[in-house]
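**Q** Predicted model and sequence below, questions to follow.
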Amino acid sequence: MSLTPTASQTLGPFFNYALPFNADLTGGGKAEGRRIFLRGRVADVNEAPVRDALVEIWQANAAGGYAHPLDKDDARPRDPHFSGFGRVLTDAGGGFSFTTVIPGPVPFEGNRWQAPHVSVAVFGAGLLRRLRTRAYFPGEELNADDPVLAAVPNGRRALLVAEAEDGGYRFDIRLRGDNETPFFGD
Amino acid sequence: MVEYAPYPDATQPAVNSERYFRTSQLAPSQPFVEAPVTLSEITGPLFPREGVSPDEADLTGGGKALGQLMILAGQVRDEDARPLPGVLVEAWQANASGKYRHPVDGRDAPLDPNFVGGGRAVTDSEGRYRFLTIKPGAYPVPNSGNWWRPPHIHLSIYGYAFMSRMITQMYFPGDPLNEIDSIFMSVPDAGARSRLVAVPDTSVGLHEHALGYGFDIVLRGRDQTPMEDGGPAA
Ligand SMILES: [Fe+3]
């Protein structure tokens, strides 16, 4: 039997009292790897902040392993202190911030590798669907050969690479307009 | 192998919609990038049932909230109709007066001290979830002319993959506001809209206490991860 997926609907503005949030993926600093912040700002077409947007991230641990049964490779072991999942709400300035680690490279098909990256999703009032993107890290050699980054039009790839800042990285999300963040099909 | 095909377009809201005023500021103007689905997308956060207390599925403070008590119950399945155990379902909604327990909801309508307004549940070994709540009231959308949202319950669902993550809203059958609601009507396909409407189901209700509504959810994905009873296999 084949069923059709349920239609998504907008998040709406009135949810934050009802949902638990988790901005620290490192178990209070116990996870392996280089601890960083990943922060940014969600902005609209006028560069105005988008407050009360829900930002979710999903990533591999420092060894490149996902905390999931479909990823069981001993070369990239699980880290019991690293869940890989974070969820926060943007503040009045559209800002969000996670404490996490730099993920390791993740395998792709045919002995190829994906560059270290963080999967990012944005939900918000006024957005009828989830927007899905990825944050990459500057200076990673594997960026040049990453199969997902390669699918992004050449001139827009740099928009998916976070900027180094003291203690971490900045990944701004521009929903629309000049320098609009590339989003992936859902 | 797990497979996540793109959503059939007409069964999901358009990214941009003339019917929904804010999308002109927020929705991307560029087409989505078509990229391969990788290990990063077919994995996702998992939520063991032990992490969520059964009490969290009661939004009514033990039945004390004002309004018409109801049970919202349903089954979460994948596109192959396989039940999905161990799926986190989060619910939030307005109270019987159409008021949210949220500081931004500035409307002059009463809060109900006994109505929590939000809850969570993790699906059982048959993929079933169940909430005790009240039927929410309609509420006006600020600065929208005279648009009132029909009674609805917001639902957030995590499958086993980043690709199957979904947020939706459940509507009530027969409400005349449904057909004129810009958010409900943002889904082009009438069949897909009808599946956002719950079905009265006395078999899930509580006798002489709470009316039952059934609302089944289908998450994207085929040939899902093998699951141990009650949750994802480790
Ligand atoms: Fe609402």
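**A** Sure thing, it's come through.

**Q** What segments of chain B are helices?
**A** Secondary structure of chain B (DSSP state H): helices located at B:23-26, B:39-42, B:190-194.

**Q** weakest of the ones you listed by average pLDDT?
**A** Ranked on mean pLDDT, the bottom entry among the helices of chain B is helix B:23-26, at a mean of 85.

**Q** quick one: contacts for the closest residue to chain B within chain A?
**A** Here chain A gets closest to chain B at one residue, A:Ala18, 2.4 Å apart by CB to the nearest CB. In short, each C-beta sits where N, CA and C put it, glycine included. With contact set as CB atoms under 8 Å, 6 or more residues apart in numbering or on different chains, A:Ala18 has these partners: B:Glu90, B:Ala91, B:Trp92, B:Arg101, B:Gly117, B:Gly118, B:Gly119.

**Q** low-confidence ranges in chain B?
**A** Applying pLDDT under 70 to chain B flags residues B:1, B:18-19, B:21, B:224-234.

**Q** Wondering if stretch B:163-174 reaches chain A at all.
**A** Yes - on the criterion CB under 8 Å from any CB of the partner chain, stretch B:163-174 is in touch with chain A at B:Met163, B:Arg165, B:Met166, B:Ile167, B:Thr168, B:Gln169.

**Q** Quote the end-to-end distance of that stretch.
**A** Counting by CA to CA, to the nearest Å, you get 32 Å between the two ends of stretch B:163-174.

**Q** Quickly compare the helices of chain B and say which is most buried.
**A** Most buried of the helices of chain B by mean neighbour count (mean count of other CB atoms under 10 Å in any protein chain shown) is helix B:39-42; its value is a mean of 22.

**Q** And that one, what does it pack against?
**A** Secondary-structure packing of helix B:39-42 (3 or more CB pairs under 8 Å, 6 or more residues apart in numbering or on different chains; DSSP states H and E): strand A:106-107, strand A:117-123.

**Q** thinking again about what came up before, of the contacts of A:Ala18, list those near chain A.
**A** Within those, those near chain A by CB under 8 Å from any CB are B:Glu90, B:Ala91, B:Trp92, B:Arg101, B:Gly117, B:Gly118, B:Gly119.

**Q** Export those residues as JSON lines, with columns for distance to A:Ala144 and neighbour count.
**A** Listed next are the ones next to chain A among the contacts of A:Ala18 as JSON lines, based on distance: CB to CB, whole Å; neighbours: other CB atoms under 10 Å in any protein chain shown:
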{"residue": "B:Glu90", "distance to A:Ala144": "40", "neighbour count": "22"}
{"residue": "B:Ala91", "distance to A:Ala144": "45", "neighbour count": "23"}
{"residue": "B:Trp92", "distance to A:Ala144": "44", "neighbour count": "27"}
{"residue": "B:Arg101", "distance to A:Ala144": "49", "neighbour count": "19"}
{"residue": "B:Gly117", "distance to A:Ala144": "49", "neighbour count": "23"}
{"residue": "B:Gly118", "distance to A:Ala144": "45", "neighbour count": "24"}
{"residue": "B:Gly119", "distance to A:Ala144": "47", "neighbour count": "22"}
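
**Q** Would you point out the most distant pair within those residues?
**A** Across these, no pair lies farther apart than B:Glu90 and B:Arg101, at 14.7 Å, counting by CB to CB.

**Q** got a list of what the residue of chain B found nearest chain A touches?
**A** For chain B and chain A, the shortest gap (CB to the nearest CB) falls at B:Gly118, measuring 2.4 Å. With contact set as CB under 8 Å, 6+ apart, B:Gly118 has these partners: A:Phe15, A:Tyr17, A:Ala18, A:Leu19, B:Leu59, B:Glu90, B:Ala91, B:Trp92, B:Gln93, B:Arg101.

**Q** State the distance from the third one to B:Gln169.
**A** Think A:Ala18. Computed as CB to CB, to the nearest Å, the A:Ala18 to B:Gln169 distance reads 14 Å.

**Q** returning to what we had before: and the contacts of A:Ala18, which is closest to B:Gly63?
**A** Nearest member of the contacts of A:Ala18 to B:Gly63, counting by CB to CB, is B:Gly119, at 13.7 Å.

**Q** these two touch, right, the closest one and B:Asp58?
**A** Yes - counting by CB atoms under 8 Å, B:Gly119 does reach B:Asp58; the two are 6.6 Å apart.

**Q** what do the two both touch?
**A** Looking at what touches both B:Gly119 and B:Asp58 (by CB under 8 Å, 6+ apart), the common residues are B:Phe131, B:Thr133.

**Q** can I get the residues of stretch B:163-174 next to chain A in a markdown table with neighbour count and distance to A:Glu180?
**A** Output for the residues of stretch B:163-174 next to chain A, formatted as a markdown table (neighbours: other CB atoms under 10 Å in any protein chain shown; distance: CB to CB, whole Å):
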| residue | neighbour count | distance to A:Glu180 |
| --- | --- | --- |
| B:Met163 | 26 | 22 |
| B:Arg165 | 24 | 22 |
| B:Met166 | 25 | 24 |
| B:Ile167 | 22 | 22 |
| B:Thr168 | 23 | 26 |
| B:Gln169 | 21 | 27 |
